[in-house]
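> the sequence isn't on hand, but the structure is:
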């Protein structure tokens with residue numbers, strides 16, 4: 001197991017193009033943290049979603065002068081100098097923005113109006129949050145999830161360590177599907193072995209065996225050996241971290 005506290009692009013082997021971030025337990029934090037690291041390394045970075053997400057606070061939005069620091073959006077600092085279109089074509093190197101259609105009722109962004117593969121021609125990195133988890137640390141995927149765009153270069157699958165050892169019906173989004181995939185009851189514990197069993201089943205089911213697996217929130221584990229048990233049961237390379 002590789003434990004990291006920085007240099008996420010290297011640890012996750014991020015290639016230019018579209019990166020889909022899926023799973024649970026810190027996707028929005030990873031989206032922003034990874035995007036800022038890529039920006040600081042000189043990349044032109046776009047943050048977005050293929051489903052729905054709250055705007056990333058402090059990151060300019062969609063080529064306008066509006067900065068989405070709160071829900072609903074409010075006017076803020078000027079956008080990146082030199083931006084001349086809604087999708088931020090012409091961003092200078094070392095820049096970051098977000099795109100999507102804002103729903104004023106929910107305060108959430110949906111997928112950008114322009115297809116992601118076209119946006120990826122103008123940005124070095126397009127980072128997309130590609131499913132939802134209702135802010136729970138663990139999840140099972142419904143048949144329509146995740147929404148991974150065609151031509152995606154990198155898939156990052158996040159798991160929240162804070163859900164390990166908790167009852168499934170408290171820690172898991174879509175707990176019924178989780179139980180179907182590991183043969184347990186809703187009131188059973190989400191052990192590292194059960195979480196790994198469900199993850200391996202979904203990796204095969206979704207044909208995402210090349211996804212990079214990241215265990216977040218390891219600083220919440222009262223028993224650090226649970227991370228080792230999860231890695232052993234998963235039997236795949238694992239990156240451990242505690243994103244802030």
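The structure has been received and is ready for your questions. Values in this document were obtained by computation on a predicted structure and should not be read as measured data.
> phi, psi for the residue nearest to residue 98 when sequence neighbours are not counted please.
Excluding the flanking residues, the one nearest residue 98 by Cβ to Cβ, 6 or more residues apart in numbering is residue 47, at 4.1 Å. In this view, the C-beta of every residue, glycine as well, is placed from N, C-alpha and C. Here is the backbone geometry of residue 47 (degrees, to the nearest 10): phi -100, psi 140.
> how about residue 107, phi and psi?
Taking degrees, to the nearest 10 as the convention, residue 107 sits at phi 80, psi 10.
> contacts only, for the residue nearest to residue 98.
Applying Cβ atoms under 8 Å, 6 or more residues apart in numbering, we find residue 47 in contact with 31, 32, 35, 56, 59, 96, 97, 98, 99, 127.
> and for residue 200?
Counted by Cβ under 8 Å, 6+ apart, residue 200 has contacts 234, 235, 236.
> let's see that with 10 Å instead.
Each residue near residue 200 by Cβ atoms under 10 Å, 6 or more residues apart in numbering is listed here: 181, 182, 209, 233, 234, 235, 236.
> starting at the chain centroid, how far to stretch 147-156?
11 Å (Cα atoms, centre = their mean, to the nearest Å).
> for stretch 166-180, same thing?
With Cα atoms, centre = their mean, you get 20 Å for stretch 166-180.
> measure it end to end?
18 Å (Cα to Cα, to the nearest Å).
> residues contacting that stretch, please?
24-25, 131-143, 145, 160, 162-165, 182, 184-191, 194-195, 197-198, 201-202.
> give me the neighbour count for residue 143.
6 (other Cβ atoms under 10 Å).
> my bad, should have said residue 138
28.
> beta partners of it?
residue 172 (DSSP bridges).
> what sits against it?
Neighbours of residue 138 in contact, by Cβ under 10 Å, 6+ apart: 23-25, 159-164, 166, 168, 170-175, 178, 190, 194-195, 198-199.
> how near is it to residue 161?
9 Å (Cβ to Cβ, to the nearest Å).
> so residue 9 belongs to a helix, correct?
Yes. Under DSSP: H, G, I helix; E, B strand; the rest coil, residue 9 falls within a helix.
> low-scoring pLDDT stretches of this protein, where are they?
Scanning the chain for pLDDT under 70 picks out the ranges 62-93.
> just to revisit the earlier point, so which pair among the contacts of residue 200 is furthest apart in space?
182 and 209 (18.8 Å; Cβ to Cβ).
> neighbour-wise, which of those two wins?
Each of residue 182 and residue 209 had its neighbours counted (other Cβ under 10 Å), and the higher figure belongs to residue 182 (20 against 10).
> all helices for the chain, in order.
For the chain, the helices defined by DSSP state H cover 8-11, 27-40, 116-119, 168-171, 175-182, 192-205, 225-234.
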